[in-house]
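*Asks:* what's the 3D shape of this:
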Amino acid sequence: MPGTNHVLHIELSTNCASDVIEQLSPRLATLTHRTVTSTSDLTHALQEKNWAAIVCGNILPAADTLHLIFANLPGMACQIRLDADNTLRLPYVSEGCFALLGVVPLELELHPELLLDMLHPEDRDTFYKSMQESIAQPTPWNWEGRIVLPQDGEIKWVNLRATRRETDSHGTVWEGFMVNITQNKLAQQEIKTSRQRLRELSSHVENIKEEERGRIAREIHDEIGVLLTALKMDMAWLAQRLPQGGSALHEKVQAMSDLLDTAGSSANNLVHNLRPAFLDCFGIVAAIEIEAKEFTKRTGIPCKITKSDDDIELPDEQSIALFRVFQEILNNIMKHAAAKQAKIRILKTGEYVYLAVSDDGKGFDKTSRNKPHSFGLRGIQERIKHLGGGVEITSEPSKGTQISVSVPLNDAGLQQTFYFDQAIK
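*Replies:* Down below sits the predicted model:
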């Protein structure tokens, strides 16, 4: 059979038909391997190319031992060739293609478009893009996507990894494996779904907590506050009617009045901690400024505030989340940082509000950040991530800490990319 240098090796199967055996004489195998069990298999193999020679054998030599290994691997070994005219060919596929794709090797080699037709419509572009990237770089071809089996419409996730090499006569050639990763993908999706549900549950719990805090704050303000005010007025009325000579009684009434003042102040502080009224009345910028001043009064740590606007409007959920994060950051500075000063920046840029708080305190390393009971930083990340924002934590021992967060101005900004450094430049 003149015209090429291709040599076909045919391996006689144990259940090979007698008419096939009569047509072939056992010899040592060489280049291209086919397992033949019927006349139709033989006809397909003979028609595939203009073979320079055809040899066959019952015993596989070393070269075909490799083919046998490939045939038993959990996946499909393959050679892929992209001709100069951009025609994709499959000169070789292992026996594993039937288990993976439901197609026998010879059929796939003769009709490589079968594989292309199986590509999921949503993943077809990434298949060709990854192939072109492998050619342009040059790098190995690594593609992960879905295929749809024509027999029953089953969808499988597969991963193709192939090493690239150039040939003078056949364009680009890859040799590699395609394996089924459906179970891994399903497991990843289940983990992702579980995490999302936990995040939604956590957010739901936080929302319920904030609603309950607001309700309790209103009750304390409206009921206990009114009672304390009434008691204060009654004490003043009583003090005016005490006899002038009863100094002990006057002292007692004054002490009781002072206690009422203390109770009123405690009630106001409790209301503030539960739901700061100025957050609803004046907005997030004013709330952060007031909270920073209160922090300085309690700790003596000065806070320098930089803001892009005096008034930044945020939805209630984003506003309270950002304020609670700010409170948590200040609490961490007070408890752990041993800082001498703090810098606060609140900026509106594009579709996001950015808040950065930095201190010149002790700082910490990554090990400390990932401690099992480090719920403060973890809570900040979960709160902001649920809103579609982002968190960056930068810290080194003895070099202070900076925590930067972003929240979208509205729900349309959810799931966008967070780049705090770019936003503040």
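
*Asks:* and the closest residue to Leu387 other than its chain neighbours, its phi and psi?
*Replies:* Nearest residue to Leu387, sequence neighbours excluded (Cβ to Cβ, 6 or more residues apart in numbering): Val407, at 5.2 Å. Placement of C-beta: from N, CA and C, glycine included. Main-chain torsions, Val407, degrees, to the nearest 10: phi -130, psi 140.

*Asks:* equivalent analysis for Thr172, please.
*Replies:* Main-chain torsions, Thr172, degrees, to the nearest 10: phi -110, psi 140.

*Asks:* tell me how far it lies from Leu227.
*Replies:* Counting by Cβ to Cβ, to the nearest Å, the gap from Thr172 to Leu227 is 84 Å.

*Asks:* the two - which one has more neighbours?
*Replies:* Taking other Cβ atoms under 10 Å, Thr172 and Leu227 do not tie; Thr172 has more neighbours (18 against 13).

*Asks:* what about Gln79, which SS state?
*Replies:* Three-state assignment for Gln79 (DSSP: H, G, I helix; E, B strand; the rest coil): strand.

*Asks:* can I assume it is in contact with Leu90?
*Replies:* Yes. Contact criterion Cβ atoms under 8 Å: Gln79 and Leu90 qualify, at 6.9 Å.

*Asks:* could you give the average pLDDT over stretch 160-177?
*Replies:* Stretch 160-177 comes out with an average pLDDT of 81.

*Asks:* before we move on, what about stretch 47-60?
*Replies:* Mean pLDDT, computed over stretch 47-60, is 55.

*Asks:* shaky segments in this protein?
*Replies:* Scanning the chain for pLDDT under 70 picks out 1-37, 48-72, 167-170, 246, 368-375, 411-425.

*Asks:* how does it divide up, domain by domain?
*Replies:* For the chain, the structural domains run 1-71, 73-180, 189-275, 279-425, going by automatic domain parsing.

*Asks:* most distant residue from the middle of this protein?
*Replies:* For the chain, the largest distance from the centre (Cα atoms, centre = their mean) belongs to Gly245, which lies 76.8 Å off.

*Asks:* which neighbouring elements make contact with the helix or strand where Leu227 lies?
*Replies:* Using DSSP states H and E, Leu227 falls within helix 225-241. If you count contacts as 3 or more Cβ pairs under 8 Å, 6 or more residues apart in numbering; DSSP states H and E, helix 225-241 packs onto helix 247-274.

*Asks:* the helix it packs on - contacts with which helices or strands?
*Replies:* Applying 3+ Cβ pairs under 8 Å, 6+ apart, we find helix 247-274 packed against helix 182-219, helix 225-241.

*Asks:* list the buried residues in that helix.
*Replies:* For helix 247-274, the neighbour count (16 or more other Cβ atoms under 10 Å) marks 253, 257, 260, 263-264, 267, 271-272, 274 as buried.

*Asks:* off-centre distance for it?
*Replies:* For helix 247-274, the separation from the chain centroid amounts to 52 Å (computed by Cα atoms, centre = their mean, to the nearest Å).

*Asks:* run the angle between that helix and helix 225-241 for me.
*Replies:* Per axes from the mean of the first three to the mean of the last three Cα atoms, to 10 degrees, the angle that helix 247-274 makes with helix 225-241 is 160 degrees.

*Asks:* what sits closest to Ile393 if chain neighbours are left out?
*Replies:* Ile403 (5.4 Å).

*Asks:* can I get the buried residues of helix 247-274 in a markdown table with distance to Leu377?
*Replies:* Below are the buried residues of helix 247-274 laid out as a markdown table (distance: Cβ to Cβ, whole Å):
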| residue | distance to Leu377 |
| --- | --- |
| Val253 | 50 |
| Ser257 | 45 |
| Leu260 | 41 |
| Ala263 | 36 |
| Gly264 | 36 |
| Ala267 | 32 |
| Val271 | 28 |
| His272 | 24 |
| Leu274 | 23 |
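
*Asks:* which one among those gets closest to Glu154?
*Replies:* Nearest to Glu154 among the buried residues of helix 247-274, counting by Cβ to Cβ, is Leu274 at 55.3 Å.

*Asks:* name all residues that make contact with the closest one.
*Replies:* Contact analysis of Leu274 by Cβ atoms under 8 Å, 6 or more residues apart in numbering lists 213-214, 216-217, 220.

*Asks:* rerun at 6 Å
*Replies:* Listed by Cβ atoms under 6 Å, 6 or more residues apart in numbering, the contact partners of Leu274 are 213, 216-217.

*Asks:* over to Ser398?
*Replies:* Gly363.

*Asks:* regarding it, what is its secondary structure?
*Replies:* State at Ser398, reduced to three classes by three-state DSSP: coil.

*Asks:* phi, psi of it?
*Replies:* Main-chain torsions, Ser398, degrees, to the nearest 10: phi 70, psi 10.

*Asks:* again with Leu314
*Replies:* Phi and psi for Leu314, reported as degrees, to the nearest 10, are phi -130, psi 150.

*Asks:* Pro315: neighbour count?
*Replies:* By the criterion of other Cβ under 10 Å, Pro315 has 14 neighbours.

*Asks:* ok, Lys304 next?
*Replies:* With other Cβ under 10 Å as criterion, Lys304 counts 11.

*Asks:* looks to me like it is in a helix.
*Replies:* No. Using three-state DSSP, the assignment for Lys304 is strand, not a helix.
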